[in-house]
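S.K.: Any chance you can model this:
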Amino acid sequence: MDIEFNKNEDSLKQLVYKLAEKEKKVKLGGGEKKIAKQHEKGKLTARERIDYLTDEDSEFLEIGLFAGEGMYQDVGGCPSGGVVTGIGYVQGRQCMIVANDATVKAGAWFPITAKKNLRAQEVAMENRLPVIYLVDSAGVFLPMQNEIFPDKEHFGRQFRNNAKMSSLGIVQIAAIMGSCVAGGAYLPIMSDEAMIVDKTGSIFLAGSYLVKAAIGETIDNETLGGATTQCEISGVTDNKFDNDEACLDYIKSIFNKIGDFDKAGFDKIAAVEPKKNQEELYGIFPEERVKPYNIVDVIERLVDNSEFEQYKELYGQTIVCGYGRVDGWAVGIVANQRKVVKSKKGEMQMGGVIYSDSADKAARFIMNCNQRKIPLVFLQDVSGFMVGSKAEHGGIIKDGAKMVNAMANSTVPKFTFILGNSYGAGNYAMCGKAYDPRLIYAWPTSQLAVMSGASAAKTLLQIKVATLKAKGEEITPEAEEKLLKEITDKYNEELSPYYAASRLWVDGIIDPLETRKVISMGIEAANHAPVEKFNVGVIQT
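M.R.: Have a look, this model is predicted:
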């Protein structure tokens, strides 16, 4: 291996180590003391409940692990948004699991909690996945109620989704394993079946303190809405259980009897590991953000047997398109290619720039995949579309629009991975979050923004300096340099994949070696939902 490979490998492995350490910390939720308190009450934690519920040695694809990272620090933070969500296997059946983490502010709902719950429901609805809710929440975090209560994508949207999923025939099972208060009480009761754990579970529209304040009645929470009350008197819940484990065992028995589902019919054969060493991904992917590399080398370490059939290989070379298999599933791959382009002025490094011919090629490839019912995988490392008079005269806007149109109207499932850069309109064209990828994950090497940090910082500095001068203020070179550093540091923080993951712009950050797992589990989930016909007529050619 050469020095460049070793340098890249060391850099990416350090980022992966940092990722693993962050994951460990976030998975502790509210911390070890809060976990111990859960155990003292005879309760499992959210993650322990999921481990007990899901099949032994099965995979769990977590969605939104870093939601809330670095946010709400003035109130102590909200690790993982106070809820654990992801795709797991129960009795061999893939499902979406949503588990409140009572170690984080008693499972209270922050704005990011609502966003994360809605994302989990969106994934379930798109893929027709059964949903299991493990409820243990004190309800809305009142100091922030104005950011979570009344708007379209706020708290109440989840109950609308409950009803929509019911109409679609999506199975929803709920277990009340702790508090379930106020509007949150509708979630389990709008599910198909609701269980409750005796002595620790309770469900009511208003707790004893609010009841006393509202109508003057004195009553304890257990009598008001405990397991005995809701199972034997009101009939609100269906069955009660002595402990968490017994309740989870009952959910397993439900899933052991659910019938089969209509399949989309994506093609799958026996899986084969890539022939080329997957760990070489660490050394292949460059540390420097503009350094050219061959994206095909990356693809060959992701696809089965390292077999990749390119489409229009010699045309539009800043986007690579082609067919392969991942874990046996047929896939169509659209990937940016960092190229060294020769011009009259010499060589120019283009960090994944999309040209007219590349956009045209990608649009046609996307249409082909839709006609053949092949799921699409987008590998982003893009700095945007080509600019300048030559590009404009060549119709870059028209060809770019054609690609975006084809991608936006694609009906086969799309899966997006941000490997490196993801800037500007390039993010949109390569199926960014706004274009409904079924799943979107980032490598720790990724950056998301309107433009690169260096370009943005210089632009913002020019605006700031011009504003100061307009006010008659002069700025010294030293002050200008200091200002540039402040702007650059702030912008670079916002470029980070952790900044994106905390706000759910991506579903998570993964070790590159997990890419195959995400694709495979994603397509398996998507295979639950029939595919609509693709309307080729919407694409102008």
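S.K.: ok, and the closest non-adjacent residue to D262?
M.R.: The shortest distance from D262 to any non-neighbouring residue, by Cβ to Cβ, 6 or more residues apart in numbering, is to P530 (6.0 Å). Yep, even glycine has a C-beta here, placed from its N, CA and C like the rest.
S.K.: Now do that neighbour against P413, distance only.
M.R.: Distance of P530 to P413, given as Cβ to Cβ, to the nearest Å: 11 Å.
S.K.: For those two, indicate the residue with more neighbours.
M.R.: Under the neighbour definition other Cβ atoms under 10 Å, P530 and P413 were set side by side, and P413 has more, 25 against 12.
S.K.: Tell me the predicted confidence for that one.
M.R.: What the model reports for P413 is a pLDDT of 97.
S.K.: Same check on V353?
M.R.: V353 carries a pLDDT value of 85.
S.K.: Could you pull up phi and psi at it?
M.R.: Its backbone dihedrals place V353 at phi -70, psi 140, with angles given as degrees, to the nearest 10.
S.K.: now swap in I354 and tell me
M.R.: Here I354 shows phi and psi, under degrees, to the nearest 10, equal to phi -90, psi 120.
S.K.: what's the burial count for the residue lying closest to it once chain neighbours are set aside?
M.R.: Using Cβ to Cβ, 6+ apart and skipping residues adjacent in sequence, the residue nearest I354 is F385, 4.8 Å away. Applying other Cβ under 10 Å, we find 22 other residues in the vicinity of F385.
S.K.: Next one: F385 from D260, what distance?
M.R.: Taken as Cβ to Cβ, the span from F385 to D260 is 45 Å.
S.K.: try S137
M.R.: 33 Å.
S.K.: who has more neighbours, the two?
M.R.: Taking neighbours as other Cβ under 10 Å, S137 and D260 compare with S137 leading, 26 against 6.
S.K.: Looking at strand pairing, list the partners for A174.
M.R.: According to DSSP bridges, the partner residues bridging A174 are Y133, A194.
S.K.: Return the residues in contact with it.
M.R.: For A174, the contact set (Cβ atoms under 8 Å, 6 or more residues apart in numbering) comprises 132-135, 187-189, 191, 193-195.
S.K.: What of T54?
M.R.: Neighbouring residues of T54 by Cβ under 8 Å, 6+ apart: 60, 88-90, 97.
S.K.: Go again with 7 Å.
M.R.: 60, 88-90 (Cβ atoms under 7 Å, 6 or more residues apart in numbering).
S.K.: Repeat that for Q145.
M.R.: So Q145 contacts nothing (Cβ under 7 Å, 6+ apart).
S.K.: Could you list the low-pLDDT ranges of the stretch 351-500 of the chain?
M.R.: Judged by pLDDT under 70, the stretch 351-500 of the chain has its weakly predicted residues at 351, 386-388, 391-395, 451-454, 456-457.
S.K.: which is the next helix or strand following the top helix by length along the chain?
M.R.: The residue-count maximum for a helix in the chain (DSSP state H) belongs to helix 3-26. Using DSSP states H and E, the next helix or strand after helix 3-26 towards the C-terminus is helix 32-40.
S.K.: which other residues reach the next helix or strand after that following helix?
M.R.: Moving toward the C-terminus from helix 32-40, the first helix or strand encountered (DSSP H and E) is helix 46-53. Identification of contacts with helix 46-53 by Cβ under 7 Å, 6+ apart yields 27, 44, 60, 84, 88, 90, 97, 99-101, 134, 177, 244-245, 248, 251-252.
S.K.: Quick one, which of those are buried?
M.R.: Buried members of these, scored by 16 or more other Cβ atoms under 10 Å, are 27, 44, 60, 84, 88, 90, 97, 99-101, 134, 177, 244, 248, 251.
S.K.: which ones among these are found in strands?
M.R.: Using DSSP state E, the members of these that fall within strands are 84, 88, 90, 97, 99-100, 134, 177.
S.K.: from the residues you listed, which is closest to Y491?
M.R.: Nearest to Y491, judged by Cβ to Cβ, of those is V84 at 31.6 Å.
S.K.: quick one: the closest one and K240, what's the gap?
M.R.: Counting by Cβ to Cβ, the gap between V84 and K240 amounts to 24 Å.
S.K.: With A182 instead?
M.R.: Applying Cβ to Cβ, the value for A182 to K240 is 21 Å.
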